[in-house]
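J.: the sequence and its predicted three-dimensional model are supplied below.
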Amino acid sequence: MTLTARQGSITLDTAAGPVSNALLFGYRLQRGTASNGQTSGDGLYPAPTLNVFPGETLIVHLENAMTGLTIRDYVDPTWPATGDDVPLLPPALRDSPYNNHVHGIHTSPQGGSDNVLIDIPAGSNDTYTYQIPRNHPQGLYWYHSHRHMLTNPQVYRGLVGMLVIGRADGGIPVVAQKNLPVRTMALQYNYVFNRAGGQSVLNNVYWPSMVSTLKKPAPAQLADGTYRPLLSPSNFLDSAKGTTYLTAWYAGPLSVNNNRGVYQYLPTNLQSFRSTDGRILLTAEPSSGTGTTVPFTPGQPLGAYTSFVDTSTMEPAVRRTLHIDGGFANELANEESPAAFAYQFNGNQFPYIPLLQPRLDTVEQWNFVNSNNDQHPIHIHVNDYQVVDYLDPVLVCAWGVCPSVRTTRTPLHRRWMRRATSSPPDVCPCARCSRTTSVRTSCTATASTMRTAA
């Protein structure tokens, strides 16, 4: 099939009109069948759900039509060079590269397979070929753009879809035997500033943190609106007089407990979610007739294949410690730009990171120590892992062995994981103020006191 990415608009029940400034996939099906009988579609939000079975091959031709973009707050991630002026507002990206990643799939990360280091410039195209192993666990996965420095804004604006391997329920026998209906649902977060006032623009929620502010605001300036520059949505001045916006920029000193900027990541529409006319958006009503109830008890074997290996009782062949820190390590970037600050592992920034090479048939334990003021979800591609320990000296809490984690991020504040080589899960050692996490992985490394089995 072909997926084409371009700028477009989406329809939301919570907005008065079509919402602009989305990045959307269109598709053309060359081989296979479509559940709705349509072999093509355009401007889909979210992207079409793809369904392949273990042992099959998924071929995706990616076309990049993201040229001449007109999204004011779709930011160019390029850092201003040393000696160059730092703009008050970050410049917009007019032509955007991207690529694709099949999240959680046990397939090669090399060449034209699940290679997230491929760069597809605007106006170009490329082809990904994903060989799905015959023993791949069934279930619901997802695919999304993974172009470094642009992953978050591209996924947020719509370049994301669900990917089903076999059955979405994971192939649980009792579900098939009882003919229980299985439906998939994507919950896509979006922030449309002042939708109640008729605005219909998909906003960048991180915009306030990208404004160059050399002088911090006095406490009263945020409340009375006198602080300049405005830490407002990019289309704030298009609003009617009297329109307000929410900010939580903290005027005091940085500390692990000040939660500076928390509301800019939780905009007003998340605090109170309702349609513009007060309608209820979603309800679940029981249908007529008699349904089928299938009880499941905690710990009950489900009978479905899983690649999870419990590494908590295994002795790691290698133990590594990765310190998460950050700073202005790029000598070629202007340190007065907020974009020049970068996070690091052991003092190194991507792509200049030492290569870690766990050996097959071994278990490694990675201990993550977070010295930043931010929480950091972490995950590994291609391999599974297991969190085995978590310590937060700030909140004074510690947890033990966590269940296996695959392809979905574990909640922040979990113990480290172990991982087994040949499964791609997400490790989430989110820690503040020297929180530590342990993860174990097999066949590939994992992080933060996690274990990976190779």
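T.: Okay, I see it.
J.: if I pick Ser337, what's in contact with it?
T.: The contact partners of Ser337, by CB atoms under 8 Å, 6 or more residues apart in numbering, come to Trp79, Pro80, Val86, Ser212. (Each C-beta comes from the backbone N, C-alpha and C, glycine too.)
J.: so who does the second one touch?
T.: If you count contacts by CB under 8 Å, 6+ apart, Pro80 has them with Val86, Pro87, Ala333, Asn334, Ser337, Ala339, Ala340.
J.: got a winner among the residues you listed for most neighbours?
T.: Neighbour tally across the contacts of Pro80 (other CB atoms under 10 Å): the maximum, 21 neighbours, falls on Ser337.
J.: circling back: among the contacts of Pro80, which one sits closest to Arg6?
T.: Ala339 (25.7 Å; CB to CB).
J.: so that closest one versus Pro316, what's the distance?
T.: Note on Ala339: its distance to Pro316, by CB to CB, to the nearest Å, is 38 Å.
J.: next one: Gln138
T.: Look at Gln138 and Pro316: by CB to CB, they are 30 Å apart.
J.: so where do the strands sit in the stretch 1-150 of the chain?
T.: Along the stretch 1-150 of the chain, the segments classed as strands by DSSP state E, counting those that start in this stretch run 2-10, 19-28, 40-44, 50-52, 57-64, 101-103, 125-131, 139-144.
J.: mind giving me the packing neighbours of the last one?
T.: Helices and strands touching strand 139-144, by 3 or more CB pairs under 8 Å, 6 or more residues apart in numbering; DSSP states H and E, are strand 101-103, helix 151-156, strand 160-165.
J.: just so I know, which of those lies nearest Gly326?
T.: Closest approach to Gly326 among the helices and strands packed on strand 139-144 is made by helix 151-156 (16.6 Å; CB to CB).
J.: pull the closest one out as PDB, backbone CA atoms only.
T.: Extracted in PDB, the C-alpha atoms of helix 151-156 (Å, rounded to 0.1, in the frame of the first residue of the first chain):
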ATOM      1  CA  THR A 151       8.400  12.600  16.100                       C
ATOM      2  CA  ASN A 152       6.300  14.300  18.700                       C
ATOM      3  CA  PRO A 153       4.700  17.000  16.600                       C
ATOM      4  CA  GLN A 154       4.100  14.700  13.600                       C
ATOM      5  CA  VAL A 155       2.400  12.000  15.700                       C
ATOM      6  CA  TYR A 156       0.400  14.700  17.600                       C
END
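J.: that older thread, now distance to Gly170 and mean neighbour count too, for the strands of the stretch 1-150 of the chain, in JSON lines please.
T.: Shown next, in JSON lines, are the strands of the stretch 1-150 of the chain (distance: least, CB to CB, whole Å; neighbours: other CB atoms under 10 Å):
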{"stretch": "strand 2-10", "distance to Gly170": "25", "mean neighbour count": "20"}
{"stretch": "strand 19-28", "distance to Gly170": "26", "mean neighbour count": "21"}
{"stretch": "strand 40-44", "distance to Gly170": "25", "mean neighbour count": "14"}
{"stretch": "strand 50-52", "distance to Gly170": "14", "mean neighbour count": "19"}
{"stretch": "strand 57-64", "distance to Gly170": "19", "mean neighbour count": "17"}
{"stretch": "strand 101-103", "distance to Gly170": "16", "mean neighbour count": "23"}
{"stretch": "strand 125-131", "distance to Gly170": "19", "mean neighbour count": "17"}
{"stretch": "strand 139-144", "distance to Gly170": "4", "mean neighbour count": "22"}
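J.: so which of those gets nearest Ser239?
T.: Closest among the strands of the stretch 1-150 of the chain, using CB to CB: strand 19-28, at 15.3 Å.
J.: what's the closest one packed up against?
T.: Using 3+ CB pairs under 8 Å, 6+ apart as the contact test, the elements touching strand 19-28 are strand 2-10, strand 40-44.
J.: element containing the residue of the chain positioned farthest from its centre?
T.: Here the centre of the chain is the reference, and by CA atoms, centre = their mean the most remote residue is Gly289, at 40.3 Å. Under DSSP states H and E, no helix or strand contains Gly289.
J.: what distance do you get for it to Asp384?
T.: Applying CB to CB, the value for Gly289 to Asp384 is 41 Å.
J.: again with His136
T.: Noted for His136: a distance of 12 Å to Asp384, by CB to CB.
J.: just Ile71 next, same as before
T.: Distance, Ile71 to Asp384, by CB to CB: 37 Å.
J.: what residues are up against the closest residue to Ser113 other than its chain neighbours?
T.: In space, and not counting its chain neighbours, Ser113 is closest to Thr107: 5.5 Å by CB to CB, 6 or more residues apart in numbering. For Thr107, the contacting residues are Ser113, Asp114, Tyr130, Gln131, Ile132, Pro133, Val382, by CB under 8 Å, 6+ apart.
J.: same thing with Asn372?
T.: By CB under 8 Å, 6+ apart, Asn372 lies in contact with Ile324, Asp325, Gly326, Tyr343, Arg432.
J.: nearest to Leu23 among those residues?
T.: Closest to Leu23 out of the contacts of Asn372 is Tyr343 (24.6 Å), distances taken as CB to CB.
J.: and the helix or strand where that closest one lies, what does it pack onto?
T.: Taking DSSP H and E as the criterion, Tyr343 maps to strand 342-345. Strand 342-345 is packed against strand 318-327, with contacts defined by 3+ CB pairs under 8 Å, 6+ apart.
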